[in-house]
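> Take this sequence and fold it.
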Amino acid sequence: MQSIKRSSYSSPTRETIHSPFARFVLFLAALIVGAASFDLLFVQSASAAITFVQANYAASTQAIAITVPFEQAQSAGDLNVVVVGWNGTSNSVASVTDASGNVYTKAVGPTQITSELTQVVYYAKSIVASAAFANAVTVTFAANASVPDVRVLEYSGASTSNPVDVVAAGTGYSKASATSSVTTTNASDLIFGANTTRTTTTGPGSGFTRRMITLPQGDIIEDRTVTATGSYSASAPLSAANDWVIQMVAFRTQATAAAASGTLTVAPATLSFGDVTLGSKSVLPVVATNSGTGSVTLSTATITGAGFSLAEPSLPVTLSAEQTASFSVTFDPSSTGNVTGALSVVSSAANSPASVSLSAAGVNQHSVALTWSASTSSGITGYDVYRGTASGGPYTLLNSSPTSGTTYTDTTVEAGQTYYYVATAVNSSGVQSADSNQATAVVPFP
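Presented below is the predicted three-dimensional model:
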């Protein structure tokens, strides 16, 4: 079958499914925008090292979500790996979930080249058991993704608590894709490599085993097992010079994970920005410290919450004992109200991921302070405050319940607006007095 390059095809092509379960694939077509291709490879081994179990993929011309099944039964404690690649750099992955409820963590990425390509690698450690076709991974994008493919794999023998040792990535325009080199900390790591290209990958890099090459995109999954710590990278040759991104994740075995002694401490554990005026920003520091005796590699850092953004050191970075890495979290509110979020740092430490809780509130730059004389009538329990944008009303109630004092601050005003206020007295029966005299407030521009 002729491969159709990622950069040029306009109609989808389906690859032959190398599986006795091909008839079950058809139900997935309705879940994907455009046609998709699936491939299954299956191997079992009793080796104590990390062992490849199965793989599958889906490819599409355009999709908001792609679902890929595991066509064989899955074993408890195994490792799932998900690779997502697509054209362009403005889109993002909104979520990675599966039918079994396994939790997916970003291992490396997004790795991008100019405005051409993006790739991200996720993993789920210590998965739950499932029957054949019972579990499927769904990747949902923030918007329709252009020419995406989603690759899913299962491995046995990986650490059930801390599987990621180190990561690396690379981008370029050439006839060969290759990551930078990175030094592993465990002797028996599985070196996992994956690329996304504008051309076609012709095979695995030297020493690697091909697990799949997607059609029609031509993106590879490859891996190799090493027996000593050292400097490693992932590479794969291409059919022609073009844009590419490639990533490598070194996964540690269950036995070597037990020997890891690095511990990552992130401080403070809670970051409160308080009130931040609209149009201004607040920046606070977070420090990650390797408080163990072994090295710790920080692979990714992500932040959630409206208005929060992160400035991080160049990742991945490896910290020796007592070394630190500094992050800066910025809160830049675009609207009023309370906001919460979280900073998550994924590392090779046993306690990964480490997280910081974030909280802040966006407030207006201007406010209007109102005061009035107390009512002389008996039985008065409070006052209601009303605001309008035209003299004489109509007016809108501002307070949710009567205020007991004779002051009120309106914090919901907008710059450049004129507001008109009245107040009423309320007695114990809920009866209101007539409106007070009208007060006028002109809110200046910033």
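
> okay, CA-based contacts and neighbour counts for the rest of this
OK.

> Give me the contacts around stretch 89-96.
With contact meaning Cα atoms under 8 Å, 6 or more residues apart in numbering, stretch 89-96 is reached by 104, 112-118, 137-145.

> Are any of those buried, and if so which?
Buried members of the contacts of stretch 89-96, counted by 16 or more other Cα atoms under 10 Å: 104, 112-113, 116-118, 137-141, 144-145.

> if we can go back for a sec, mind checking which of the contacts of stretch 89-96 land in strands?
112-113, 117-118, 137-145 (DSSP state E).

> What sits closest to S309 if chain neighbours are left out?
T330 (5.2 Å; Cα to Cα, 6 or more residues apart in numbering).

> if we look at the sheet, which residues does the one you found bridge to?
In this entry, T330 is beta-bridged to V283, S309, by DSSP bridges.

> My read is that it contacts G305, right?
No. Counting by Cα atoms under 8 Å, T330 does not reach G305; the two are 11.1 Å apart.

> isn't V128 right up against D98?
No. In this structure, V128 is not within contact of D98 by Cα under 8 Å, at 10.9 Å.

> and the end-to-end length of stretch 396-414?
Terminal residues of stretch 396-414 are spaced 16 Å apart (Cα to Cα, to the nearest Å).

> and it, which residues are buried?
Across stretch 396-414, burial judged by 16+ other Cα under 10 Å covers L398, P402, T403, Y408, V413, E414.

> Dump the residues you listed into CSV; add distance to G218, pLDDT and secondary structure as well.
Listed next are these as CSV, based on distance: Cα to Cα, whole Å; pLDDT from 0 to 100; DSSP: H, G, I helix; E, B strand; the rest coil:
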residue, distance to G218, pLDDT, secondary structure
L398, 61, 96, coil
P402, 68, 94, coil
T403, 68, 94, strand
Y408, 66, 95, strand
V413, 56, 87, coil
E414, 54, 83, coil
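
> Which two of these have the greatest separation?
Farthest pair in the buried residues of stretch 396-414 (Cα to Cα) is P402 and E414. Separation: 23.7 Å.

> And the protein, split by domain according to the record?
The record's domain parsing of the chain by automatic domain parsing lists 22-257, 264-363, 368-442.

> what's the offset of the last one from the middle of its chain?
Remark: domain 368-442 is offset 46 Å from the chain centroid, using Cα atoms, centre = their mean, to the nearest Å.

> closest to T200 among the ones in strands among the contacts of stretch 89-96?
Proximity of the ones in strands among the contacts of stretch 89-96 to T200 (Cα to Cα) peaks at L117, which lies at 13.9 Å.

> Give me the distance between that closest one and A145.
11 Å.

> Overlap of the contact sets of those two?
Residues touching both L117 and A145 (Cα under 8 Å, 6+ apart): W86, N87.

> Check which element follows the helix or strand of the chain with the lowest mean pLDDT along the chain.
Using mean pLDDT, DSSP states H and E, strand 41-42 stands out as the lowest-scoring helix or strand of the chain, at a mean of 35. Moving toward the C-terminus from strand 41-42, the next helix or strand (DSSP states H and E) is strand 51-59.

> Show the low-confidence segments of the chain, by residue range.
Counting by pLDDT under 70, the ranges of the chain that qualify are 1-48, 255-261, 446.

> who's in contact with G172?
Residues near G172 by Cα under 8 Å, 6+ apart: I113, N242, D243, W244, V245.

> Can you tell me the SS state at the second one?
To tie it back to what came earlier, the one meant is N242. Secondary structure assignment for N242 (DSSP: H, G, I helix; E, B strand; the rest coil): strand.

> Could you list the buried residues of stretch 437-446?
Those would be T440, V443, for stretch 437-446 by 16+ other Cα under 10 Å.

> All further residue positions should be reported with the first residue as 447.
Okay, using 447 as the starting number, the last item reads as stretch 883-892.

> bridging residues for A582?
For A582, the beta-bridge partners under DSSP bridges are P515.

> Next: D856.
V814.

> for the protein, what spans make up the helices?
In the chain, the segments counted as helices under DSSP state H are 700-703.

> Phi and psi next, for P650.
The phi and psi values for P650, taken as degrees, to the nearest 10, are phi -80, psi 160.

> neighbours around it, how many?
Neighbour count of P650, defined by other Cα atoms under 10 Å: 23.

> do the same with A795
A795 has 28 neighbours, counted by other Cα under 10 Å.

> Backbone dihedrals for it, please?
phi -70, psi 150.

> who touches the residue nearest to Y568 when sequence neighbours are not counted in this structure?
Spatial nearest neighbour of Y568, excluding adjacent residues (Cα to Cα, 6+ apart): K552 at 4.3 Å. Applying Cα under 8 Å, 6+ apart, we find K552 in contact with V566, V567, Y568, Y569, T746, V792.

> quick one: K552 from D595, how far?
17 Å.

> one step back: most packed of the domains of the chain?
Ranked by average neighbour count under the criterion mean count of other Cα atoms under 10 Å, the domains of the chain are headed by domain 468-703 at a mean of 21.

> Tell me if I'm right that T864 and S837 touch.
No. Assessed by Cα under 8 Å, T864 is found out of contact with S837, at 9.5 Å.

> Save the contacts of G618 as a markdown table, and put in distance to H812 too.
Formatted as a markdown table, the contacts of G618 follow (distance: Cα to Cα, whole Å):
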| residue | distance to H812 |
| --- | --- |
| I559 | 43 |
| N688 | 54 |
| D689 | 50 |
| W690 | 50 |
| V691 | 48 |
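
> Which of the residues you listed lies at the shortest distance from T764?
Among these, and counting by Cα to Cα, the member closest to T764 is V691, at 22.3 Å.

> Please name the nearest non-neighbouring residue to L717.
Per Cα to Cα, 6+ apart, closest to L717 is L804, 4.9 Å.

> Name all residues that make contact with N526.
Contacts for N526 were tallied using Cα under 8 Å, 6+ apart; they are Y569, A570, K571, I573, V598, L599, E600, Y601.

> so of those residues, which ones are in strands?
Among the contacts of N526, the ones falling in strands (DSSP E) are Y569, A570, V598, L599, E600, Y601.

> Could you measure from the second one over to E517?
Meaning A570. According to Cα to Cα, A570 stands 17 Å off from E517.

> what is the closest residue to N688 other than its chain neighbours paired to in the beta sheet?
Excluding its sequence neighbours, the residue lying closest to N688 (Cα to Cα, 6+ apart) is Y619, at 4.9 Å. Applying DSSP bridges to Y619 gives these bridge partners: D689.

> Next: the one 5 residues further on.
For A624, the beta-bridge assignment (DSSP bridges) gives partners S681.
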